[in-house]
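Peer 1: just a sequence and a predicted model for now, questions to come.
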Amino acid sequence: MKVGLFVTCLVDLMRPRIGFAALRLLQAAGCEVVVPTTQTCCGQPAYNSGDRRAARLLAEKLIAEFESCDHVVAPSGSCAGMIRMHYPDLFADDPAWLERAAALGARTHELSDFLATVARLDKVPGAFAGTVTYHDACSGLRELGVKAQPRALLAKMPGVRLVEMDGAEECCGFGGAFAVKFGDISARLAEKKCDNLRASGADAVVLSDLGCMLSIEGKLRRMGDEKTRVLHIAEILSGEA
Amino acid sequence: MLVRSMHFKARAGAAAADRVLQGKLATAKGLFVDGRRRAVAEIDLEATRDASQTIRSRAVADLDLWLERFEQEATRRGGQVLWARDGAEICRLVTEIARRHDVKKAIKSKSMLSEEAGLNAALEAAGVQPVETDLGEYILQINDNEPPSHIIAPVIHKTKEEVADLFARVHGKPRKTEIGEMTREAREMLRQHFLSADMGISGGNFLVAETGSVALVTNEGNGRMVTTLPRVHVVITGVEKVIPTLEDLATLMRILPRSATGQSISNYFSVLTGVKRPEDTDGPEHLYFILVDNGRVGLLGSEFQDMLRCIRCAACMNHCPVYQTVGGHAYGWVYPGPMGAVLTPLFVGIENALDLPHAATMCNQCSVVCPVKIPLPDLMRKLREQQVARSLRPWGERAALRLWAWLARHPTLYAFAAKLGVRYLNWLAEGGDRIRVMGVAPSWTAGRDFPAPEGRTFRELYSERK
């Protein structure tokens, strides 16, 4: 099974170790992993800013780069959701591209979803001792149905105790450009999320999206919480945590 | 109503710091969100949403047909159907009706169209005293005509104590803080108006084409008094509220109260048909329907037609993280929350509400709970596209986006820019794990830190590893 790893622009810039963790997990699941080196961004920032033309050009680039793969996997529900749920909309007026977009979209997955339901990863390589809570990122949850998959994978780790926080499905306030355009609202939403996760008593919050990670970690530290860890699902599953 | 939506950013910024406001919203949110969750568990939610979506889509698709049918049936039963193009026409028609029937006092149950038109001010100018009888609307009216901040809970932004102060000041009676007593006092004040009014003005949740009826969903019973006690009843609704049959109404009523207040059925549910007949003991002698365009007809056949399905339940705002943080007044017009972020620009002009379609994290919660499956985030995105197409975005934003999109299509240059960007962020972090002040995005670091990047990009490390 040939899997194309879409690293995502935020992982590339901010947290390369999450990209490598995803790579190792996919290999541990028995996949042949390719990482197209010309990849950049899925185009979501342009799409959500209302620039369809730019979004479409980036979508064409990504489709061409990953089309030869059996599956595309991204360590982000937001980017996977863009490819799976929104690329077809970008090509609604172009049947040839629409077919290619829909075909690639149908085999594009968020990492934990892919590991749990497609690759059926049996033995999780990482080890972690502590209490964690899982933050359901909006796109993964509501566009792709990612809810049980990361929890099922965490349940395979003997040292992990999973507790649910209040409002696990509520937005952390990131929202892409929203976080900068409406920084005050965004920070307030992040604060509500941090209050909930701290009240859960977890040592770490686990999540699957870099945007949420930046928002939550940034708010925790500003609140003076130096202790609660913010971990990507790939880090904890691969033993990087 | 005066449009203040261009000031969203400033108003929302102030509201985001208002913990008291957020406390009130959180209490109401608990009631609405938990209530809805319990109530929708009683039905096959997805099947009912699909059926409701179908009913509303079909009605909107053949709107002219159903409106003609409604007009015929309502007229046959003694009603008169009038058409208003905009708010000014609503005001003109209502004041004309008031003059014709020598009306001195009009009692009102909740009508958002009346808010769109600014009807109360027009009535006062014409010498007619308007009295809001929905408790929330009444509180706002006696507080110097304050605008509502929620479409079904207009006074959600006030505490019991604030209302107690207001009642004591305006009613001139001893201050009460027990809710039952306060309600009784309001009821006593309203009773005299109910009995002395010449005209009742209501909105309408649905218009039923096959019978020419208006359906009203209320909880306080004031709607029933407004529509049956005075000799004249004026219904004001948007043209899109028409549905074909009573059977359709039955389906929609399974989902409207559940989505709105978390009730299986509202306390009162009225289907009002025709004028008072000789054998009837009550009901209006004169019945008028004012069916309003005010921006709706222009959405037919456009990429925003889905929005006309809206049944005004408010589930979207009840579940919206942004609404829950800033409240309804920040949105600056009649409709707040996600439905308002779409409707306001469409009704008052895209250029007059530039922030609203952007004031969303695209978390999609609104569309997931919408009883008629309106893809609200997609519609907000389409409004953003229209802003770009009409060059309404600030030049700095456009330039940054264009540069980034160009770089992202040129991998070698992009890799170089990413490498420089990461070095720059690390320099800002001064060797630490976080950035406390970030010049390129000061609004991020005003409220939280920005975690520092690891140091080198994935692509740098990956190319070395290979």
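Peer 2: Thanks, I have the structure now.
Peer 1: identify the residue nearest residue 26 in space, chain neighbours excluded?
Peer 2: Assuming you mean chain A. A:Val33 (4.8 Å; CB to CB, 6 or more residues apart in numbering or on different chains). In this view, the C-beta of every residue, glycine as well, is placed from N, C-alpha and C.
Peer 1: oops, I was thinking of chain B
Peer 2: Using CB to CB, 6+ apart, the closest residue to B:Ala26 is B:Gln324 (7.0 Å).
Peer 1: which parts of the one helix or strand that neighbour maps to are buried?
Peer 2: Using DSSP states H and E, B:Gln324 sits in helix B:321-326. By 16 or more other CB atoms under 10 Å in any protein chain shown, the buried positions in helix B:321-326 come out as B:321-326.
Peer 1: in a markdown table: those, plus pLDDT and distance to B:Arg459.
Peer 2: What follows is those, written out as a markdown table (pLDDT from 0 to 100; distance: CB to CB, whole Å):
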| residue | pLDDT | distance to B:Arg459 |
| --- | --- | --- |
| B:Pro321 | 97 | 34 |
| B:Val322 | 97 | 35 |
| B:Tyr323 | 97 | 40 |
| B:Gln324 | 96 | 39 |
| B:Thr325 | 97 | 37 |
| B:Val326 | 97 | 39 |
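Peer 1: backbone phi and psi for the residue most central in space within chain A, please?
Peer 2: Most central in chain A under CA atoms, centre = their mean is A:Ser76, positioned 1.6 Å from the mean C-alpha point. The phi and psi values for A:Ser76, taken as degrees, to the nearest 10, are phi -160, psi 120.
Peer 1: now for residue 42: which residues touch it?
Peer 2: Went with chain A since none was named. Contact analysis of A:Cys42 by CB atoms under 8 Å, 6 or more residues apart in numbering or on different chains lists A:6, A:8-9, A:58-59, A:62, A:74, A:79, A:82-83.
Peer 1: looking at chain B here, not the other one
Peer 2: So B:Glu42 contacts B:258, B:264 (CB under 8 Å, 6+ apart).
Peer 1: Three-state assignment for it, please.
Peer 2: Assigned with DSSP: H, G, I helix; E, B strand; the rest coil, B:Glu42 falls in the coil class.
Peer 1: could you report the distance from the residue of chain B positioned farthest from its centre to chain A?
Peer 2: Of all residues in chain B, B:Lys466 has its C-alpha farthest from the mean position, at 55.6 Å, by CA atoms, centre = their mean. Going from B:Lys466 to chain A by CB to the nearest CB, to the nearest Å gives 9 Å.
Peer 1: pLDDT wise, what is that residue at?
Peer 2: pLDDT for B:Lys466: 72.
Peer 1: and for B:Gly439?
Peer 2: Value for B:Gly439, per-residue pLDDT: 88.
Peer 1: also B:Leu2?
Peer 2: 89.
Peer 1: quick check on the closest residue to B:Ile435 other than its chain neighbours: phi, psi?
Peer 2: Counting by CB to CB, 6+ apart, B:Ile435 lies nearest to B:Phe450, which is 4.3 Å off, once chain neighbours are set aside. Backbone torsions for B:Phe450, taken as degrees, to the nearest 10, come to phi -110, psi 120.
Peer 1: and for B:Phe450, the neighbour number?
Peer 2: 25 (other CB atoms under 10 Å in any protein chain shown).
Peer 1: any idea which residue sits dead centre in chain B?
Peer 2: Taking CA atoms, centre = their mean, the centroid of chain B lies closest to B:Tyr335, which sits 3.4 Å from it.
Peer 1: strands of chain A, residue ranges please.
Peer 2: With DSSP state E as the criterion, chain A has strands at A:2-5, A:32-34, A:71-74, A:108-110, A:130-134, A:160-162, A:204-207, A:229-232.
Peer 1: of all the residues in whatever helix or strand B:Leu256 lives in, which ones are buried?
Peer 2: Per DSSP H and E: B:Leu256 is located in helix B:246-260. Buried residues in helix B:246-260, counted by 16+ other CB under 10 Å: B:248-249, B:251-260.
Peer 1: now do it: distance to the chain's middle.
Peer 2: Remark: helix B:246-260 is offset 18 Å from the chain centroid, using CA atoms, centre = their mean, to the nearest Å.
Peer 1: and if you look at stretch B:22-31?
Peer 2: Remark: stretch B:22-31 is offset 17 Å from the chain centroid, using CA atoms, centre = their mean.
Peer 1: can you give me the buried ones in it?
Peer 2: Those buried within stretch B:22-31 under the rule 16+ other CB under 10 Å are B:22, B:24-25, B:29.
Peer 1: how about those residues in TSV, adding distance to B:Ser5, secondary structure and pLDDT?
Peer 2: Listed next are the buried residues of stretch B:22-31 as TSV, based on distance: CB to CB, whole Å; DSSP: H, G, I helix; E, B strand; the rest coil; pLDDT from 0 to 100:
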residue	distance to B:Ser5	secondary structure	pLDDT
B:Gln22	21	helix	95
B:Lys24	22	helix	93
B:Leu25	19	helix	93
B:Lys29	23	helix	87
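Peer 1: for residue 127, list the residues it contacts.
Peer 2: Since you didn't name a chain, this refers to chain A. A:157-159, A:239.
Peer 1: sorry, I should have been clearer: chain B.
Peer 2: Counted by CB under 8 Å, 6+ apart, B:Gly127 has contacts B:Lys104.
Peer 1: just the strands in the stretch 351-466 of chain B please.
Peer 2: Taking DSSP state E, counting those that start in this stretch as the criterion, the stretch 351-466 of chain B carries its strands at B:434-435, B:450-451.
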